[in-house]
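A.B. asks: model this:
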Amino acid sequence: MNIKLLKNLFILAVVGLVSAVAVTAQTPLSSLSGVTVDIQGQKGKVVIVAIGATWLPLSGKQAEFTNSLAKKYAGKNVSVYFVATDSVNAKSKNYASDEKIRQWAAEKRLTVTVLRDPDGAAVMRKFAVDQLPAFIVLDKNGSQSGDAFGGIDPNYDITVPISKRVDPLL
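C.D. replies: Take a look at the predicted model:
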């Protein structure tokens, strides 16, 4: 191979690697109204993210906990979101349209912005979430604070340990 070709291949490889790192470094998600939200790009705010799905029965209880956290931290430097991991692929058994997610959120009286994970599992991979429903907390720099709170026991108030993680970050 000639030197110029190797040099060009090297440059392409570096650009590709930098692009891949840039894409995975952030978590832009879309709200049901089409607004892009980067949950890690909210510098100066603590972010609580509930990760669930409309097809998951315990996500209903998760919605209650999410509303409770949103109410507790209203007016403080905290953003609270619900990320729906329902598939956007109509052929998937876990598919849900935006309208179905809106209906589910209305039925559960969810008071926070609902975001969609376009991949269905990108947020779970990024934050090492191994079960749904789950919660994660991001500090004021957008970094994950501790492990994910995975799974929900409907008889246990998960807002207590989440608050113990959030409060020192404020």
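
A.B. asks: When you work out contacts or count neighbours from here on, use the C-alpha atoms and nothing else.
C.D. replies: Fine.

A.B. asks: all strands of the protein, in order?
C.D. replies: For the chain, the strands defined by DSSP state E occupy 28-31, 36-38, 46-52, 78-84, 113-116, 134-138, 149-150.

A.B. asks: Of those strands, flag the one that's most buried.
C.D. replies: The highest mean neighbour count among these, using mean count of other CA atoms under 10 Å, belongs to strand 46-52: a mean of 27.

A.B. asks: Give me the helices and strands touching that one, please.
C.D. replies: Helices and strands touching strand 46-52, by 3 or more CA pairs under 8 Å, 6 or more residues apart in numbering; DSSP states H and E, are helix 58-72, strand 78-84, strand 134-138.

A.B. asks: sorry, back to before: dump the strands of the chain into CSV; add distance to Arg165 as well.
C.D. replies: Output for the strands of the chain, formatted as CSV (distance: least, CA to CA, whole Å):
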stretch, distance to Arg165
strand 28-31, 24
strand 36-38, 21
strand 46-52, 10
strand 78-84, 12
strand 113-116, 21
strand 134-138, 8
strand 149-150, 11
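
A.B. asks: can you list these in JSON lines and add mean pLDDT?
C.D. replies: Listed next are these as JSON lines, based on pLDDT from 0 to 100:
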{"stretch": "strand 28-31", "mean pLDDT": "90"}
{"stretch": "strand 36-38", "mean pLDDT": "95"}
{"stretch": "strand 46-52", "mean pLDDT": "98"}
{"stretch": "strand 78-84", "mean pLDDT": "98"}
{"stretch": "strand 113-116", "mean pLDDT": "97"}
{"stretch": "strand 134-138", "mean pLDDT": "98"}
{"stretch": "strand 149-150", "mean pLDDT": "94"}
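
A.B. asks: returning to what we had before: quick one: which of the helices and strands packed on strand 46-52 is nearest Gly41?
C.D. replies: Ranking the helices and strands packed on strand 46-52 by proximity to Gly41 (CA to CA) places strand 134-138 first, at 10.1 Å.

A.B. asks: now what about that closest one, what contacts it?
C.D. replies: By CA atoms under 8 Å, 6 or more residues apart in numbering, the surrounding residues in contact with strand 134-138 are 40, 46-52, 127, 144-152, 162, 165-166.
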